[in-house]
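Asks: 3D, please:
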Amino acid sequence: MKSAAMSGGVRALGLAVLMAGLLSGCGGGGGSSSTVAQSGAPGGTRAYTISGDLTGLASGTSLVLQDNGGDDLTLTHDGSFTFAGNVPSGQTYAITVLNQPRRQICLTFGAGAATANVANVAVVCTAGPEYAY
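Replies: Model prediction:
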């Protein structure tokens, strides 16, 4: 009787050691460098950054850009910018102005399909009308 109980305990211990070895062989899931170009894409597809340049923004003002109606980006001075979110490969991006700066009109030139990192979005601000009629 003691022998049967002991062999069951040895089997359980052996199974636990085997499972521990199998689990340690799985690794930490650190991501595969061959499936994702940039982070943020679901399902292991490639994803790309969207960036560009802002010119003409008046000192002391700001504007808010959006990519595809979200991913808000507030800009407070001229220069380069990059959206925080990435666009999955082949998906479209469309940059729009959510909030115009005071007394200025800003136009965006940036829409298309993301097939690589996009760096040529242009946002140009000019003086707007002083009074509305």
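Asks: quick one: name whatever helix or strand follows the helix or strand of the chain with the lowest mean pLDDT.
Replies: Taking mean pLDDT, DSSP states H and E as the measure, the chain has helix 2-24 as its least confident helix or strand, at a mean of 35. Moving toward the C-terminus from helix 2-24, the next helix or strand (DSSP states H and E) is strand 47-48.
Asks: in its sheet, what does that following strand sit against?
Replies: Sheet pairing of strand 47-48 (DSSP bridges) gives strand 87-88 (antiparallel).
Asks: give the buried residues for the next helix-or-strand element following the strand it pairs with.
Replies: Counting by DSSP H and E, the next helix or strand C-terminal to strand 87-88 is strand 92-99. The neighbour-count check on strand 92-99 (16 or more other Cβ atoms under 10 Å) flags 93, 95, 97 as buried. The way it works is simple: take the backbone N, C-alpha and C, and place the C-beta from them, glycine included.
Asks: elements contacting strand 92-99?
Replies: In this structure, strand 92-99 packs against strand 50-55, strand 63-67, strand 104-109, strand 111-113, strand 118-127, with contacts taken as 3 or more Cβ pairs under 8 Å, 6 or more residues apart in numbering; DSSP states H and E.
Asks: who are the packing partners of the third one?
Replies: Spelled out, it's strand 104-109. With contacts taken as 3+ Cβ pairs under 8 Å, 6+ apart, strand 104-109 sits against strand 63-67, strand 92-99, strand 118-127.
Asks: let's go with 7 Å and repeat that
Replies: If you count contacts as 3 or more Cβ pairs under 7 Å, 6 or more residues apart in numbering; DSSP states H and E, strand 104-109 packs onto strand 92-99, strand 118-127.
Asks: could these go into JSON lines alongside mean pLDDT and distance to Thr49?
Replies: JSON lines is the format used below for these (pLDDT from 0 to 100; distance: least, Cβ to Cβ, whole Å):
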{"stretch": "strand 92-99", "mean pLDDT": "96", "distance to Thr49": "10"}
{"stretch": "strand 118-127", "mean pLDDT": "97", "distance to Thr49": "7"}
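Asks: want to throw those into TSV with distance to His77?
Replies: What follows is the helices and strands packed on strand 104-109, written out as TSV (distance: least, Cβ to Cβ, whole Å):
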stretch	distance to His77
strand 92-99	16
strand 118-127	11
